[in-house]
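# what would the 3D arrangement of this be:
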Amino acid sequence: MTELINNKEYREWIVSIKNRVHASQIKAAVAVNYAMLDLYWFLGEQIVERQETAKWGSGFLKQRSQDLLTEFPKMKGFSVRNLQRIRRWHQFWSGAVEIGQETGSPIAPQAVAKLLPNAPQLVAQIPWGHNGVILEKLSDPADALFYVQKTIENNWSRAVLTHQIESGLHLREGKAIDNFEATLPQPESDLARQLLRDPYNFDFLTLTERHNERELEDGLIDHLTKFLLELGAGFAFVGRQYKIDVDGDDYSIDLLFYHLRLHCYVVIDLKVVKFKPEFAGKMNFYISAVDSQVRTEADGPTLGILICKSKSDIKVEYSLRDLTKPIGVSEYQITENLPDDLRSSLPTIEQIEAELGEVGDE
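Numbers count the residues shown, from 1 in each chain. A predicted model of the protein is given here:
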């Protein structure tokens, strides 16, 4: 038996079996979720229809809940509260279907409106708990559909979905100023534009109003997981203060990432001041250096993202207009800053955790 366990071919075979089992479990879970939400859609449709045609009173849902629980005692989802949510869910997305069928709807952009008639099939691909979060926090079907699609694409947990809605991702994604259309072919330019957010939300940092670039960079690296979440799906961290040598002179790139979907390097330069035109020229230089020294034939064109404290849109547009490298410019925001006189006296999260760890060891 020991010889078999230590056999490489046997171990690889077991791994392949495990992967197949996991894949089948995921498929089964997706199928169960889809079937359950299909049932919920039918229930919601029936509840709305009966309440409108039969004119049953407010006690109807309570009675229906009792009857269903009696008939199916082992099934969840038939509480009065959940039936109310099912009714509201059906009404919400039924309205979305009608919106999508209208021509020139003022609520949904044309591209989104084409997808709204398929909303029932799309929402059935995400868990009921996720549907509840979307229903609770959003009132516009077009915005809701945005988060449904993002959840499907990125496999967001309920907590991540909640965070993205509360941070207003649908209002920030693709809003930065860039020159991608002039410097990248289609469809790469559209895909690259979707990477950018404006502003970036750095509320997870504890900085003073007069923080410098090194403090900002240190904070982002200390909270790298949250920073990656804010950047969006597909970013892989390569390095900070990434060194490049150009004709005997050393230069340092603030942050270098690789995007796994676009298959390209992404240079991020942080500025704690308002955008200046010379920032764009320096970013163009960095991108050229990465293209020449780091990028391989298998990689796409390197992208640059300038994240500044603030910016003038007109100055950014003029600065990017004739540059040859793809660059986007965004702002960042931190809604609450520490008072300057407290910054040095407050312990970091790491220091607090270390203290708690020492106490626990005693």
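# where does pLDDT dip in the stretch 101-250 of the chain?
Counting by pLDDT under 70, the ranges of the stretch 101-250 of the chain that qualify are 101-117.
# and the helices in it, which stretches?
110-115, 119-123, 128-137, 141-154, 158-166, 169-172, 180-183, 188-195, 213-222, 224-231 (DSSP state H, counting those that start in this stretch).
# in JSON lines, list those along with distance to residue 92.
Bear in mind the C-beta positions are built from the backbone N, C-alpha and C, glycine included. Putting these into JSON lines (distance: least, C-beta to C-beta, whole Å) gives the following:
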{"stretch": "helix 110-115", "distance to residue 92": "15"}
{"stretch": "helix 119-123", "distance to residue 92": "9"}
{"stretch": "helix 128-137", "distance to residue 92": "6"}
{"stretch": "helix 141-154", "distance to residue 92": "7"}
{"stretch": "helix 158-166", "distance to residue 92": "15"}
{"stretch": "helix 169-172", "distance to residue 92": "16"}
{"stretch": "helix 180-183", "distance to residue 92": "35"}
{"stretch": "helix 188-195", "distance to residue 92": "26"}
{"stretch": "helix 213-222", "distance to residue 92": "37"}
{"stretch": "helix 224-231", "distance to residue 92": "27"}
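# could you check stretch 230-240 and say which residues are buried?
230-232, 234-235, 238, 240 (16 or more other C-beta atoms under 10 Å).
# next one: stretch 289-305
289-291, 294-295, 299-305.
# from the buried residues of stretch 230-240, which ones fall inside strands?
Among the buried residues of stretch 230-240, the members falling in strands (DSSP state E) are 235, 238, 240.
# and those as JSON lines, adding distance to residue 81?
Formatted as JSON lines, these follow (distance: C-beta to C-beta, whole Å):
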{"residue": "235", "distance to residue 81": "39"}
{"residue": "238", "distance to residue 81": "48"}
{"residue": "240", "distance to residue 81": "48"}
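# nearest residue to residue 149 other than its sequence neighbours?
residue 122 (7.0 Å; C-beta to C-beta, 6 or more residues apart in numbering).
# and the one you found, how close does it get to residue 130?
Computed as C-beta to C-beta, to the nearest Å, the residue 122 to residue 130 distance reads 12 Å.
# likewise for residue 261?
According to C-beta to C-beta, residue 261 and residue 130 sit 22 Å apart.
# same thing with residue 152?
Residue 152 is 10 Å from residue 130, by C-beta to C-beta.
# cheers, nothing more for now.
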